[in-house]
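1. my questions concern the predicted model and sequence given below.
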Amino acid sequence: MKPLLHSVPQPAIDLPYYVPAGHECELFELAWHKRLPLLLKGPTGCGKTRFVAHMASKLGLPLHTVSCHDDLTAADLTGRYLLKGGDTVWADGPLTRAVREGGICYLDEIVEARKDVTVVLHPLTDDRRILPLDRTGEELQAPDTFMLVVSYNPGYQTLLKSLKPSTRQRFVAIEFDFLPIDHEIAVVAAESGLSSDRVRPLLLLARRLRALKGQDLEEGVSTRLLVYCASLIAAGVSSEEAVTATMIEPLTDDLDVKKALIEVARATL
Ligand code: ADP
């Protein structure tokens, strides 16, 4: 008999800290109960991965995370035959493991992966919920506890790297953005240990730098970088050094842009 994990999840006691922006937690839970795949869109470092970790713990589900990159192939996800002491043995990839064991499979930055990845995702994301493994001849039926979650950053999209409509339209999608200022201050203070009063000017600077996105900068300062900045300051680094190391250097290599950002920082802090 199949275990009734789907109806009786074991909620974790210590949930990874996550401050919701809206009703995304409820939507996630509903999608899981209805066995629908989920697509999270939003800029890098705005809380998508933390959200998935939080929800996996809340629902008492194992989490299998894969950070996609441009060399990632379908075989990296499904598995491959390996040589072991003269024998050839099949080794499940993370997606196959998640389908066999149940739980959440989170494919971070899915648009980075090779195009053949979408081929294995399609039969998993419609009502068949199957994973065909051509090499072993198996056809795995995803258990009720299995859920596929993918994320991508629409800001990085180019014509070459985008999610095809035929793939996107298989997912329930949630858009993420940086939190409202007071919430983001609370997150950065909680994660870094720096007081809210000292975090606030960093947030004001981050917002000014985010406004430059698309002009001089490809990406704005993420919440992740703000947490780094506040953590350095909490550890005794001067504000100027911390801001340069976390909110300016990671954003650009262009000397003129860097100078302009330093000016903005001096004027704001
Ligand atoms: P993404 O997956 O969107 O690139 P992450 O989930 O890794 O971003 O978020 C980066 C960091 O920012 C987290 O490690 C956490 O410290 C912080 N963070 C961002 N948003 C939130 C949030 N809503 N609640 C709690 N922490 C957050």
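-> Looks like it arrived, so ask away.
2. Pro143 falls within a helix, correct?
-> No. Using DSSP: H, G, I helix; E, B strand; the rest coil, the secondary structure at Pro143 is coil, not a helix.
3. what is the neighbour count of it?
-> 18 (other Cβ atoms under 10 Å). Glycine gets a C-beta too; all of them are placed from N, C-alpha and C.
4. same check on Leu205?
-> Neighbours around Leu205, by other Cβ under 10 Å: 24.
5. name the element it belongs to?
-> Using DSSP states H and E, Leu205 sits within helix 196-210.
6. and after that helix, which helix or strand comes next?
-> helix 223-234.
7. now the angle between helix 223-234 and the helix holding Leu205, please.
-> Here helix 196-210 runs at an angle of 140 degrees relative to helix 223-234 (axes from the mean of the first three to the mean of the last three Cα atoms, to 10 degrees).
8. for helix 196-210, packing partners?
-> helix 181-192, helix 223-234, helix 239-243, helix 255-268 (3 or more Cβ pairs under 8 Å, 6 or more residues apart in numbering; DSSP states H and E).
9. would it be right to say that Ile104 lies in a helix?
-> No. Ile104 is assigned strand when assessed by three-state DSSP, not a helix.
10. which residues sit against the helix holding Leu205?
-> 178, 181, 184-186, 188-189, 192, 217, 220-221, 225-226, 229-230, 233, 239, 243, 247, 251, 261, 264-265, 268-269 (Cβ atoms under 8 Å, 6 or more residues apart in numbering).
11. hmm, it in reach of the ligand?
-> No. If you take Cβ under 6 Å from any ligand atom as the test, helix 196-210 misses the ligand, and the best it gets is 12.0 Å.
12. what separates that helix from the chain centre, distance-wise?
-> 23 Å (Cα atoms, centre = their mean, to the nearest Å).
13. and this structure, which residues reach the ligand?
-> 17-19, 42, 44-50, 179, 187, 191, 223-224, 227.
14. among those, which ones are in strands?
-> Using DSSP state E, no member of those falls within strands.
15. what's the ChimeraX line that selects buried ones from these?
-> The buried residues among these can be selected in ChimeraX (16 or more other Cβ atoms under 10 Å) with this line:
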select :18,19,42,44,45,46,47,48,49,50,179,187,191,223,224,227
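16. give the contact list for the one residue sitting closest to the centre of the chain.
-> Residue closest to the mean C-alpha point of the chain, counted by Cα atoms, centre = their mean, is Thr49 at 3.5 Å. By Cβ under 8 Å, 6+ apart, the contact set of Thr49 is Thr65, Tyr106, Asp108, Ser151.
17. tell me the most packed of those residues, by neighbour count.
-> Tyr106 (27 neighbours).
18. now that one: how far from Leu77?
-> 12 Å (Cβ to Cβ, to the nearest Å).
19. which neighbours do those two share?
-> Counting by Cβ under 8 Å, 6+ apart, the residues touching both Tyr106 and Leu77 are Val66.
20. kindly check the end-to-end length of stretch 184-199 for me.
-> End-to-end span of stretch 184-199 (Cα to Cα, to the nearest Å): 9 Å.
21. can you list the buried residues in it?
-> Glu184, Ile185, Val187, Val188, Ala189, Glu191, Ser192, Leu194, Arg198, Val199.
22. let's have those in JSON lines, adding distance to Glu101 and pLDDT.
-> Supplementary listing: these in JSON lines, determined by distance: Cβ to Cβ, whole Å; pLDDT from 0 to 100:
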{"residue": "Glu184", "distance to Glu101": "35", "pLDDT": "97"}
{"residue": "Ile185", "distance to Glu101": "39", "pLDDT": "97"}
{"residue": "Val187", "distance to Glu101": "32", "pLDDT": "97"}
{"residue": "Val188", "distance to Glu101": "35", "pLDDT": "97"}
{"residue": "Ala189", "distance to Glu101": "37", "pLDDT": "97"}
{"residue": "Glu191", "distance to Glu101": "30", "pLDDT": "97"}
{"residue": "Ser192", "distance to Glu101": "35", "pLDDT": "97"}
{"residue": "Leu194", "distance to Glu101": "39", "pLDDT": "97"}
{"residue": "Arg198", "distance to Glu101": "44", "pLDDT": "97"}
{"residue": "Val199", "distance to Glu101": "40", "pLDDT": "97"}
